[in-house]
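*Asks:* Mind folding the following:
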Amino acid sequence: ELGGKSACVILDDAPFEKAIPSGARNAMLNSGQTCSAWTRMLVPRARQQEAMDLAAAAANGLKIGDPLDAGTRLGPLISATQRERVEGYIAKGKSEGEKLIAGGGRPEAFSKGYFVQPTVFADVKSKMTIAQEEIFGPVLSILPYDSEAEAVEIANDTIYGLAGGVWSGDAERAMRVARKMRTGQVDINGGRYNPLAPFGGYKQSGIGRELGVFGLEEYLQVKSIAR
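*Replies:* Numbers count the residues shown, from 1 in each chain. This is a model prediction of the structure:
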């Protein structure tokens, strides 16, 4: 398993008040240091402002602090080197013209620890750096789309293919989009992680699977006998 740049596709009939905060929090899990994090949020262009407001509120509502404190939702990054890398991507996003709507700096309350504010960029284009490269920090990109077909195209427009999400008020529609996503794992409407299901990636997110029956098969050798 080799990382990812997973997309969370919010369809126009999705419950935005639930889907957007859930997607934003997923991107910030472990301060963004999660291989399967939904770091790209795809939203209908006509509802992008609504998505921006909800995502920014969710990000700003995450309590930053000591990871041993039960109330903390965002701890520090693993090292000074990683923080510098994340800050470099944030600077790149600003220089490329993406709209910064939350975070973007270091919280002032901490003199120790490699903290970065939960950061959200909006109106991001698929070919921009922060929409293509794995940042491994608390940075979410919101990408607008104009049709379901374009949403699928954007979701697949990456060298990675580890995870993803789809939100819709129509379960069959969500399943249709999920089947078109070139990624190893897709959650529909916030589906819970299933440790019995195979986990692994497409494309440059790796090869093979762990967990479930497919994970057990990784330890078997197959013999062919011809007569």
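
*Asks:* L62 is in contact with R73, correct?
*Replies:* Yes: in this structure, R73 is within contact of L62 by C-beta atoms under 8 Å, at 4.3 Å. Every residue, glycine included, has its C-beta placed from N, CA and C.

*Asks:* of these two, who's got more company?
*Replies:* L62 (19 against 16; other C-beta atoms under 10 Å).

*Asks:* now the more buried one: how far from G169?
*Replies:* 27 Å (C-beta to C-beta, to the nearest Å).

*Asks:* what's the overlap in contacts for R73 and L62?
*Replies:* When C-beta atoms under 8 Å, 6 or more residues apart in numbering defines a contact, the residues bordering R73 and L62 alike are R25, M28.

*Asks:* What lies in contact with the longest helix seen in the chain?
*Replies:* When the chain is parsed with DSSP state H, its longest helix is helix 80-95. Applying C-beta under 8 Å, 6+ apart, the set of residues contacting helix 80-95 from outside is 32-33, 76-77, 100, 104, 114-116, 119, 121, 124, 128-130, 133, 135-139, 141.

*Asks:* tell me the mean pLDDT over stretch 197-216?
*Replies:* Here stretch 197-216 scores 91 as its mean pLDDT.

*Asks:* Pull out the buried residues from it.
*Replies:* Using 16 or more other C-beta atoms under 10 Å as the test for burial, stretch 197-216 gives P198, F199, G200, G201, Y202, K203, Q204, S205, G206, R209, G215.

*Asks:* One more: stretch 95-104?
*Replies:* Buried residues in stretch 95-104, defined by neighbour count with 16+ other C-beta under 10 Å: E98, I101, A102, G103, G104.

*Asks:* Same list (these) but as a markdown table, adding distance to D146 and pLDDT.
*Replies:* Below are these laid out as a markdown table (distance: C-beta to C-beta, whole Å; pLDDT from 0 to 100):
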| residue | distance to D146 | pLDDT |
| --- | --- | --- |
| E98 | 19 | 89 |
| I101 | 21 | 97 |
| A102 | 24 | 97 |
| G103 | 27 | 95 |
| G104 | 27 | 95 |
